[in-house]
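[1] coords below, sequence missing:
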């Protein structure tokens, strides 16, 4: 066997393999897969994925799909709709909160309007999860308005 100077025959001077296994380019690479998904996916699914990623970056935020009745939780998400029922004197302000995994109804009792609480707004909410007709609800939650990114 001939002497190769102490290096393996298939390696470069730094001792790394020249196979190119770590450098993957082409239609099977992650970039093209992500680009294809962004171009063909439903906008609602993309928005949900973005909300889940943003919530994961927040400290202490949990997912709406994982919380149960009676738990005190902090969540980050977006308001889908906001409505006030003008029919009664003590009409509550209700908003549908979505964090990418599940929707929760936020109810502010005795409020007709809250500045900044509007559809499409990113918000952090903190409160106790309740149940109303089989759906998750949070009454009079603490909230922080977040930037609309």
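    The structure has been received and is ready for your questions. Everything quoted here is computed from the prediction, not taken from an experiment. Residues are numbered from 1 along each chain as shown.

[2] how near is residue 30 to residue 91?
    With distances taken as C-beta to C-beta, to the nearest Å, residue 30 is found 50 Å from residue 91. All C-beta spots, glycine's among them, are computed from the backbone N, C-alpha and C.

[3] quick one, which of those two is more surrounded?
    Neighbours of residue 30 and residue 91, each counted by other C-beta atoms under 10 Å, are more numerous for residue 91; the result is 15 against 8.

[4] Buried ones in stretch 109-125, by neighbour count?
    Buried residues in stretch 109-125, counted by 16 or more other C-beta atoms under 10 Å: 117, 121, 122, 123, 124, 125.

[5] err, stretch 61-74, not the other one
    Result for stretch 61-74 [16+ other C-beta under 10 Å]: buried residues 61, 62, 63, 64, 67, 73, 74.

[6] these two touch, right, the third one and residue 101?
    Put plainly, it is residue 63. Yes. Under the criterion of C-beta atoms under 8 Å, residue 63 makes contact with residue 101 at 4.5 Å.

[7] who touches residue 110 in this structure?
    90, 92 (C-beta atoms under 8 Å, 6 or more residues apart in numbering).

[8] Pull out the buried positions in the lengthiest strand in the chain.
    In the chain, taking DSSP state E as the definition, the longest strand is strand 72-84. By neighbour count with 16+ other C-beta under 10 Å, strand 72-84 contains the buried residues 73, 74, 75, 76, 77, 78, 79, 82.
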